[in-house]
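K.L.:
predicted model, plus sequence, below.
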Amino acid sequence: MSVPNGESLAWESRPGRALLALAGPTTLSLLSFAFMGVVDTLLVSSLGSATLAGVGVGIVLTQFLGGFGFGLMRGEKILIAQARGDHERTRVLVGSALWLALQLGLGMLVLGELAALIVPRFCATPEAGAAARAYLSVRSLSFPVVLVYVALREARYGLGETRSPLISALAGNATHALLDWVAIYALGWGAAGAGLAGSLAFVVQASLLATAQRELGVTFGHAARAARVEIARAGAFTGLQFVLETGSLAALSLLLAGMSDLQMAAHQVAVQLAAFCFLPALAIAESATVLTAEAFGRARYTAVHAVARAARRVGLVY
């Protein structure tokens, strides 16, 4: 099914309302992701500043190692939004993104395990170094699953469907909070338990989104090879941007971690709280990306400018 160029958009007369309709559930999904870090911080803090400092370093390095893959998957969302209504192309794009996610996830896994070996050298105390190593080594094992989850989530956003990502995020948070408490307090696994809880939470989220995607289906094969190149081209620069942004935070965190456990523990608390401030603005940008790509795919260029103006107004008000 091809999408006719120039066909009007249902939301074209009210882009601001369409933007808010997408941004609301997206904000909740992103905040639930940040809430996992808050739960880890809250529960691990009872184990002492050294453990909290080590887990903080592990969380930041996990985000840094996953930055390129997370950004690259944005290319899938853009292309799917442009192809809205063309189900066969959407299935090919999803299959291509899943293949890329598995390949990148395996590479991230290897890098994560290598980083876990050397990260203790950047920590102020052996206790913090051991916690950072334990957390990062466990979380790295889940990188392929995490990127599969991101690929499936971006596909749903590209389709303009935010309900299943929100449900999966809420379910993942509930799973994470329960397993975090059990692993840290009941089983006494400390930093490694926190890493395991986070990993299993993403298994739950990926499984729920895979179930939602089953209705549309996924296509692998020869056509997906060209689509992988398209996704890489569309998302590579965003991936590099994510690497630079998370890399600067990782560098600062490693600097503080080498000063003292207390400095890094305080930094970890501040970073997790600050995330709640900027994530709604990120959700506005993500939603504007979807609408812009859909308008561009239908050659409705005036709608592109309307979305940009609406996003600017909503962002400034926030």
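P.N.:
Cool, got the structure. Numbering: from 1, shown residues only.
K.L.:
ok, residue 179 - contacts?
P.N.:
Counting by Cβ atoms under 8 Å, 6 or more residues apart in numbering, residue 179 touches 196, 197, 200, 201. Placement of C-beta: from N, CA and C, glycine included.
K.L.:
chain neighbours aside, what residue packs nearest to the third one?
P.N.:
The spatially closest residue to residue 200, leaving aside those adjacent along the chain, is residue 179, at 5.7 Å (Cβ to Cβ, 6 or more residues apart in numbering).
K.L.:
buried residues of the host helix or strand of that neighbour, list them for me.
P.N.:
Taking DSSP states H and E as the definition, residue 179 sits inside helix 163-181. In terms of neighbour count (16 or more other Cβ atoms under 10 Å), helix 163-181 has its buried residues at 164-173, 175-177, 179-180.
K.L.:
in PDB, list the C-alpha atoms belonging to it.
P.N.:
This file holds the C-alpha atoms of helix 163-181, laid out as PDB (Å, rounded to 0.1, in the frame of the first residue of the first chain):
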ATOM      1  CA  ARG A 163      -0.500   3.200  24.500                       C
ATOM      2  CA  SER A 164       1.500   0.000  24.300                       C
ATOM      3  CA  PRO A 165       4.800   1.800  25.100                       C
ATOM      4  CA  LEU A 166       3.200   3.400  28.100                       C
ATOM      5  CA  ILE A 167       1.800   0.100  29.300                       C
ATOM      6  CA  SER A 168       5.100  -1.700  28.800                       C
ATOM      7  CA  ALA A 169       6.900   1.100  30.700                       C
ATOM      8  CA  LEU A 170       4.500   0.900  33.700                       C
ATOM      9  CA  ALA A 171       4.800  -2.900  33.800                       C
ATOM     10  CA  GLY A 172       8.600  -2.700  33.600                       C
ATOM     11  CA  ASN A 173       8.700  -0.200  36.400                       C
ATOM     12  CA  ALA A 174       6.500  -2.400  38.600                       C
ATOM     13  CA  THR A 175       8.600  -5.400  37.800                       C
ATOM     14  CA  HIS A 176      11.800  -3.500  38.500                       C
ATOM     15  CA  ALA A 177      10.700  -2.000  41.800                       C
ATOM     16  CA  LEU A 178       9.600  -5.500  43.100                       C
ATOM     17  CA  LEU A 179      12.800  -7.300  41.900                       C
ATOM     18  CA  ASP A 180      15.000  -4.500  43.100                       C
ATOM     19  CA  TRP A 181      13.700  -4.800  46.600                       C
END
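K.L.:
output the contacting helices and strands for the next helix or strand along the chain from it.
P.N.:
Following the chain from helix 163-181 toward its C-terminal end, the next helix or strand by DSSP H and E is helix 190-213. Helix 190-213 is packed against helix 15-44, helix 49-82, helix 126-140, helix 143-158, helix 163-181, with contacts defined by 3 or more Cβ pairs under 8 Å, 6 or more residues apart in numbering; DSSP states H and E.
K.L.:
gap between the helix or strand that helix 190-213 is followed by and the chain center?
P.N.:
Once helix 190-213 ends, the next helix or strand along the chain (criterion: DSSP H and E) is helix 222-259. Between the mean C-alpha point of helix 222-259 and the mean C-alpha point of its chain there is a distance of 11 Å (Cα atoms, centre = their mean, to the nearest Å).
K.L.:
likewise stretch 112-128?
P.N.:
With Cα atoms, centre = their mean as the basis, the distance from the averaged C-alpha position of stretch 112-128 to the chain average is 24 Å.
K.L.:
may I have it as CSV, with CA atoms only?
P.N.:
Once side chains and other backbone atoms are set aside, the C-alpha atoms of stretch 112-128 remain, and they are given as CSV (Å, rounded to 0.1, in the frame of the first residue of the first chain):
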residue,chain,number,x,y,z
GLY,A,112,30.2,-3.1,28.6
GLU,A,113,32.0,-6.2,30.0
LEU,A,114,35.4,-4.7,29.1
ALA,A,115,34.4,-1.4,30.8
ALA,A,116,33.4,-3.3,33.9
LEU,A,117,36.9,-4.7,34.2
ILE,A,118,38.5,-1.3,34.2
VAL,A,119,35.9,1.0,35.9
PRO,A,120,37.2,0.2,39.5
ARG,A,121,40.3,2.1,38.7
PHE,A,122,38.3,5.3,38.4
CYS,A,123,36.6,4.9,41.8
ALA,A,124,37.9,6.5,45.0
THR,A,125,37.5,3.3,47.1
PRO,A,126,37.7,-0.5,46.4
GLU,A,127,34.1,-0.8,47.7
ALA,A,128,32.8,1.7,45.2
